[in-house]
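K.L.:
give me coordinates for this.
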Amino acid sequence: MRILAVNLLALGFLFAGMLYLDEYRRGLIAAELATMRSEANLFAAAVGESATFADPNKGEGVITLMAQQMVRRMVETSRLRARLFDENGLLVADSLLLGGPGGTVQIEELPAPRTESQRLAALLGAYDRVLERLWSREDLPTYTENTVQKARDYPEAMLALAGETATTVRSDPGGGMVLSVAVPVQRYKQVLAALMLTRGSADIDAAVLQVRLDVLKWFLAALLVTVLLSIYLAGSIARPIRLLAEAAQRVRRDRHRRHTIPDFGRRNDEIGQLAAALREMTQALWLRIDANERFAADVAHELKNPLSSLRSAVETAARVKDGERRQKLMNIILDDVGRLDRLISDISDASRLDAELSRENSASVDMKQLLMLLVEVTEATAQQRQIRLVLDLEDRRRLVVNGVESRLMQVFRNLLANALSFSPASSVITLRARRENTSIIAEVLDQGPGIPEGREQEIFKRFYSERPHDEKFGQHSGLGLSISKQIVETHGGTIVARNLRGPSGKVAGACFVVRLPLE
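P.N.:
Predicted structure coming up:
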């Protein structure tokens, strides 16, 4: 409805402005007055030549009877009314007055029967008067006609007797206008009379009415088009947005997945993009909810094992009297408490990871500097285990990515710690980085036992743990590789694991490959 109202409001203002044809009416009036002025000058010249006399005794004057006949004959083929006033201002001739044996008869044209167009004209006239009042315009003087007419009743006639040509526009009590032109009747430049021509505005009103009817027709056509376009816009814009809003409300209120966002994928416009974005957002939210549910279930499962062991040890310790056995139970309790502490710390880190990555600002990270620093920090630990660290970097080209340096350092620290825990003494761990097309490839290679066959993807799952046989149980939570994968994917990269094989095809170690987009 608002779309329709706005469109109709703009169209209504345009129509109102076009319908008020004041300037067009003025132009028609000016043209009509110019035509009447020309005709009045022509008629005055004819009267001055043919209907005047020059008498040495009486002087010059107007031949009344001849003037009356000429005036009537000159305007009988037109809608003009001609009146002739002598130099004393008395009415000498009037084209509406016929003289005969029975006296003088006044001709009056009867109004035509009222038609639809005349009713519309009356309505438009009222519209004009309202606008004129709103704009505080001066009203035209009203045309009045006395029973005994004299030149002083008409200012333009008095100006004509003074030798000037004058025009006047008056309002007709019947609703139209009366146009008047008065010119002097001269004989040898002596003003003998004043000829006044008057005409109603019927032709002008008819011309303006015709233009307004044409405007009205176009307005009705534009109105129809506007309504149809508004309905189309409402159907193509407002209605889909309302459907999307209602679907979003249903998804928000309901706890199941029965309701989905409508698919407007066929629309290659902003509405289609909005619908696709809402669908993807909804799917992402459900995936996140599923991930949180799985994570909560995994956390509960992982916490049950040390808690069960801890509970059993505590219950047994309460009944054991032997000091040596009690000490063993206390050591088990301490190990379980340490295991719980590690689990809770890693779980807390994993749960905060998404929020922290979204808050932290990304910056340029030089992978060469990052790996060199990591090797420098880990060198002492590697030497204690008699393991040699080798750094293989591409020297000629920059290896810079956009990301959070501390989190990327956490990824490679986890991978290097994982490689150190599986590598035997006197072995080599290689950290390699190179540029490949629009990506940076960073690899961590060790010479350990490798990854169990078919477990290359499972090792990145939460709480998955595949540790060396000589390592004490419970030292790792199984979240390190999962957190590393989450960080890499947040940076728009990928991480995969595979086994290294020797010439004979035997597993010779493990290789973790991290691919990150270049800055």
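K.L.:
in the stretch 1-150 of the chain, which spans are helices?
P.N.:
For the stretch 1-150 of the chain, applying DSSP state H, counting those that start in this stretch gives helices covering 2-19, 22-50, 64-75, 116-134.
K.L.:
worst mean pLDDT among the ones you listed?
P.N.:
Ranked by mean pLDDT, those bottom out at helix 116-134, with a mean of 62.
K.L.:
give the next helix or strand downstream of that helix.
P.N.:
helix 155-161 (DSSP states H and E).
K.L.:
who's in contact with that next one?
P.N.:
Residues outside helix 155-161 that contact it (C-beta atoms under 8 Å, 6 or more residues apart in numbering): 83, 85, 87, 89, 151-152, 165-168, 180-184, 191, 193-196. C-beta here means a position set from N, CA and C on the backbone, and glycine is covered the same way.
K.L.:
swap in stretch 418-434?
P.N.:
Applying C-beta under 8 Å, 6+ apart, the contact partners of stretch 418-434 are 367-368, 371, 374-375, 378, 381-382, 385-394, 399, 412, 416, 440-449, 467-468, 471, 480-481, 510, 512.
K.L.:
please repeat the previous calculation with a cut-off of 6 Å.
P.N.:
Contacts with stretch 418-434, where a contact means C-beta atoms under 6 Å, 6 or more residues apart in numbering, come from 367, 371, 386-394, 399, 441-448, 468.
K.L.:
where does the stretch 301-450 of the chain dip in pLDDT?
P.N.:
The stretch 301-450 of the chain contains residues with pLDDT under 70 at 301-302, 305, 346, 350-358.
K.L.:
as a check, name the ranges of all helices in it.
P.N.:
323-359, 367-384, 405-422.
K.L.:
spatially nearest residue to G492, not counting backbone neighbours?
P.N.:
Excluding its sequence neighbours, the residue lying closest to G492 (C-beta to C-beta, 6 or more residues apart in numbering) is P517, at 5.2 Å.
K.L.:
quick check on that neighbour: phi, psi?
P.N.:
Note on P517: backbone dihedrals following degrees, to the nearest 10 are phi -70, psi 140.
K.L.:
can you check L516 too?
P.N.:
The phi/psi pair for L516 (degrees, to the nearest 10) reads phi -130, psi 140.
K.L.:
how close does the closest residue in space to it that isn't next to it in sequence sit to L445?
P.N.:
Nearest residue to L516, sequence neighbours excluded (C-beta to C-beta, 6+ apart): G493, at 4.0 Å. Between G493 and L445 the computed distance is 18 Å (C-beta to C-beta, to the nearest Å).
K.L.:
next one: N57
P.N.:
Counting by C-beta to C-beta, the gap from N57 to L445 is 144 Å.
K.L.:
likewise V62?
P.N.:
For V62 relative to L445 (C-beta to C-beta), the value is 130 Å.
K.L.:
on the three-state scheme, L481 is what?
P.N.:
Per DSSP: H, G, I helix; E, B strand; the rest coil, the secondary structure class of L481 is helix.
K.L.:
what pLDDT is listed against it?
P.N.:
pLDDT, read off for L481, is 86.
K.L.:
so who does it touch?
P.N.:
So L481 contacts 459-460 (C-beta under 6 Å, 6+ apart).
K.L.:
do the same with the one 10 residues further on
P.N.:
When contacts are counted by C-beta under 6 Å, 6+ apart, H491 touches 403, 516.
K.L.:
quick one, what contacts the residue of the chain most remote from its centre?
P.N.:
Distance from the centre of the chain peaks at N57, with 91.2 Å (C-alpha atoms, centre = their mean). By C-beta under 6 Å, 6+ apart, the contact list for N57 is empty.
K.L.:
related to what we said a few turns ago, which among the contacts of helix 155-161 end up buried?
P.N.:
83, 85, 87, 89, 151, 166-168, 180-184, 191, 193-196 (16 or more other C-beta atoms under 10 Å).
K.L.:
how far away is the one residue sitting closest to the centre of the chain from M1?
P.N.:
Centrality entry for the chain: nearest residue to the mean C-alpha point is E270, 10.0 Å, by C-alpha atoms, centre = their mean. Distance from E270 to M1, counting by C-beta to C-beta: 22 Å.
K.L.:
heading C-terminal from the helix or strand harbouring T168, find the next helix or strand.
P.N.:
Element membership for T168, per DSSP H and E: strand 166-171. Counting by DSSP H and E, the next helix or strand C-terminal to strand 166-171 is strand 177-187.
K.L.:
can you list the strands that that following strand pairs with?
P.N.:
Paired with strand 177-187 in the same sheet, following DSSP bridges, are strand 166-171 (antiparallel), strand 190-200 (antiparallel).
K.L.:
that one to helix 22-50, inter-axis angle?
P.N.:
30 degrees (axes from the mean of the first three to the mean of the last three C-alpha atoms, to 10 degrees).
K.L.:
where's L224, which helix or strand?
P.N.:
Assigned by DSSP H and E, L224 belongs to helix 202-233.
K.L.:
how far off centre is that helix?
P.N.:
29 Å (C-alpha atoms, centre = their mean, to the nearest Å).
K.L.:
ok, and for it, which residues are buried?
P.N.:
Residues of helix 202-233 classed as buried by neighbour count (16+ other C-beta under 10 Å): 204-205, 207-209, 211-212, 216, 219, 223, 226, 230.
K.L.:
let me know the angle separating the helix or strand just after it from helix 202-233.
P.N.:
Next in sequence after helix 202-233, counting helices and strands by DSSP H and E, comes helix 239-253. Counting by the same axes, to 10 degrees, helix 239-253 lies at 30 degrees to helix 202-233.
K.L.:
buried subset of the contacts of stretch 418-434?
P.N.:
So, by 16+ other C-beta under 10 Å, the buried ones in the contacts of stretch 418-434 are 367, 371, 387, 389, 394, 399, 441-448.
K.L.:
ok, of those residues, which one's closest to L285?
P.N.:
When those are ranked by distance to L285 (C-beta to C-beta), A442 comes first, at 32.2 Å.
K.L.:
skipping adjacent residues, who's closest to G61 in space?
P.N.:
G61's closest residue in space is F53 (C-beta to C-beta, 6+ apart), at 5.9 Å.
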